[in-house]
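Trainee: Have a look; sequence and predicted model below, questions after that.
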Amino acid sequence: MIDIEKTVKINMLLDFYGNLLTKKKLEYLQLYYKEDLSLQEIASIYHVSRNAVYDMIQRTIKQLESYENKLHLLEKFTKRQAIIRKLEATFKDNKPLLKFLKQLDDIE
């Protein structure tokens, strides 16, 4: 997986499952994947080793992937979004339907 794709996937997993993580795990991932801080910068903030940050991030990613493997929230979201896009393209002249599709999209 390309790094950008991995970053996007992890950010999406964080959106779905971030509230299930401990504060520290969430902060590490947010700093690394959303704020684009290096492992060393995060280690300096928390006064731990670079390796400790790396290990925590790797374990947390596995935890997020475990949640996704059990709950499939990201998978279902992605499928719903694809269906909404197809409906929008197919019924682009149907204003009432597009309005409802927009409402569905806003809920997500």
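Mentor: Ah, there it is. Numbers count the residues shown, from 1 in each chain.
Trainee: in which helix or strand would I find the most centrally placed residue in the chain?
Mentor: For the chain, the residue sitting closest to the mean C-alpha position, by C-alpha atoms, centre = their mean, is residue 12 at 1.3 Å. Residue 12 is part of helix 3-17 when elements are defined by DSSP states H and E.
Trainee: Same question for that helix: list its buried residues.
Mentor: Residues of helix 3-17 classed as buried by neighbour count (16 or more other C-beta atoms under 10 Å): 9, 10, 12, 13, 14, 16, 17. Where C-beta positions appear, they are placed from N, C-alpha and C, glycine not excepted.
Trainee: Likewise for stretch 59-66?
Mentor: Under 16+ other C-beta under 10 Å, the buried positions of stretch 59-66 are 60, 61, 63, 64.
Trainee: List the contacts of the helix or strand of the chain with the lowest mean pLDDT.
Mentor: In the chain, no helix or strand scores lower on mean pLDDT, DSSP states H and E than helix 95-107, which sits at a mean of 91. The set of residues external to helix 95-107 that reach it, using C-beta atoms under 8 Å, 6 or more residues apart in numbering, is 80, 81, 84, 87, 88, 91, 92.
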